[in-house]
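Enquirer: Fold the following for me, if possible:
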Amino acid sequence: MEIAKRIVKGIPILDISGTVSLGSGSEQLARKLEDLLQEKNPGVILNLENIDYIDSTGIGEMVGYLSKFENVSKRIVLLKPQERILKLLRITKLDNVFKIFDKEEEAILWCERGESNPQGN
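Expert: Model prediction:
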């Protein structure tokens, strides 16, 4: 798994590629999210466009950090999950928990102001 961090309009975006699973992948994601939790920002956008697989440990990390971010009034937004990942989110009802966007601009706007209407929510 690879994670590239970029900043757009003050919002950190993590471009994640590869596999997020038990072991180094989920630990690497957790370290990045923990760092972002400590930084001054309104939240983070997780770009899932290039993730080919995520297991329950990876999903668990995202859910756990969603709570941590919400506890400090920050947001975690999911961007462009592939259909396979989106189906997993639907099956687990996490599509009702996470804000999910197809367009980066809308995700940024929602992170900045809590506006826009995410797909599926």
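Enquirer: Contact partners for the closest residue to R75 other than its chain neighbours?
Expert: Closest residue to R75 apart from its sequence neighbours, by CB to CB, 6 or more residues apart in numbering: G43 at 3.2 Å. From N, CA and C alone the C-beta is placed, and that goes for glycine too. By CB atoms under 8 Å, 6 or more residues apart in numbering, G43 lies in contact with 11, 69, 74-77, 111.
Enquirer: Save those as TSV, and put in pLDDT too.
Expert: As requested, the contacts of G43 are exported to TSV (pLDDT from 0 to 100):
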residue	pLDDT
I11	95
F69	94
K74	92
R75	91
I76	94
V77	95
C111	89
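Enquirer: These in helices, which ones?
Expert: 69, 111 (DSSP state H).
Enquirer: Now for the contacts of G43: which two are most distant?
Expert: Farthest apart among these by CB to CB are I11 and F69. That separation is 12.8 Å.
Enquirer: Between the two, which contacts overlap?
Expert: Joint contacts of I11 and F69 (CB under 8 Å, 6+ apart) are 43-44.
Enquirer: Sticking with the residue lying closest to L29 once chain neighbours are set aside, tell me its helix or strand.
Expert: Among residues not flanking L29 along the chain, E61 sits closest, at 5.4 Å (CB to CB, 6+ apart). Assessed by DSSP states H and E, E61 sits inside helix 56-71.
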